Every structure is written in C-alpha cells, then in structure tokens.
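Student: 3D model of this:
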Amino acid sequence: MTESDTRALVRLEADGEADAEELDVLARRLRAELGELDVDLLPVPGELPPGAKAADPVTIGSLMVAFSAAGGVFPGLVETLREWLGRQAGKHKIKVTIDGDTVELERATTAERQQLIDAFVSRHAQPTG
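Tutor: Next up is the predicted model:
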C-alpha cells in the first residue's frame, strides 16, 4: 500500500451488555476477518501494542484500515463489515470514518442498511476506469 491509499477508521461498539473481555474477543474476530481482504490493518494512533492489556473500550475496538481506492476494495470492505455484524448475536455497531465522514452500521432492515451503505460507498469509492 502507498501513502495515497485511502484510510478508514473502523470502530466496533459492542452491545451495552458486553464487557471489555468480550469486546476484545469481538475485535480480534473482526480484525482476523478484515485481514483476509486486500487491505492493510494499521495501528490506530494511541493504540496499545498487540498483546498489551487495555482498559479503554474505544482503543480495543478500533482499527485503521488502509486500502487502494481503485479496484473496488472499499465496497467489499463495507460488505464484509455488514455481513460480520449480521452473524453476531449482540446488537453491536461499527462506525466507519473516512475524512471526517462517518457511517454507522448496525442491525437494521436489509433495505435500510443497503441505502445507507450505497450512499456512503458512492461518496468514497473511486472510479476504476
């Protein structure tokens, strides 16, 4: 990846019933799944090193994702996040922020989610041609 790549801050907000340990497990699962995409997972400024004990839920659930604007990677990233949320038992949320523009993904009707995702993706996806 290069410096001209797009960077998105992905922040997992666990269900209010989840404790820090459960959030850590959820964040690790999400990180592993995103690691299978054509993206780079980067440290979030202020994030503790891997394996360190963290008490801050915001730090635990935050990922910086860098990806090429070309090639349709961003829509795939958002779709992966949406699908991941759909497989979770809790009512978790994921916030994705690019250049100060944030979209919040959570359990909603399929049509509501798709409208929101389509609008966000169209604002940040670069044409491939």
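Student: Can you verify my assumption that Trp84 contacts Glu33?
Tutor: Yes. Using C-beta atoms under 8 Å, Trp84 makes contact with Glu33 at a distance of 5.7 Å. Every residue, glycine included, has its C-beta placed from N, CA and C.
Student: ok, these two, which is more surrounded?
Tutor: A direct count of neighbours by other C-beta atoms under 10 Å for Trp84 and Glu33 places Trp84 higher, at 18 against 14.
Student: Identify the residues contacting the helix or strand hosting the more buried one?
Tutor: Element membership of Trp84, judged by DSSP states H and E, is helix 73-86. With contacts defined as C-beta atoms under 8 Å, 6 or more residues apart in numbering, helix 73-86 is touched by 6, 8, 10, 29-30, 33-34, 37-39, 65, 67, 92-94, 96, 103, 105-107, 113, 117, 120-121, 124-125.
Student: Determine the longest strand present in the protein.
Tutor: When the chain is parsed with DSSP state E, its longest strand is strand 6-13.
Student: partner strands of it, parallel or antiparallel?
Tutor: strand 62-67 (antiparallel), strand 93-98 (antiparallel) (DSSP bridges).
Student: now the host helix or strand of Arg28: mean pLDDT?
Tutor: Using DSSP H and E, Arg28 sits in helix 20-34. For helix 20-34, the mean pLDDT works out to 89.
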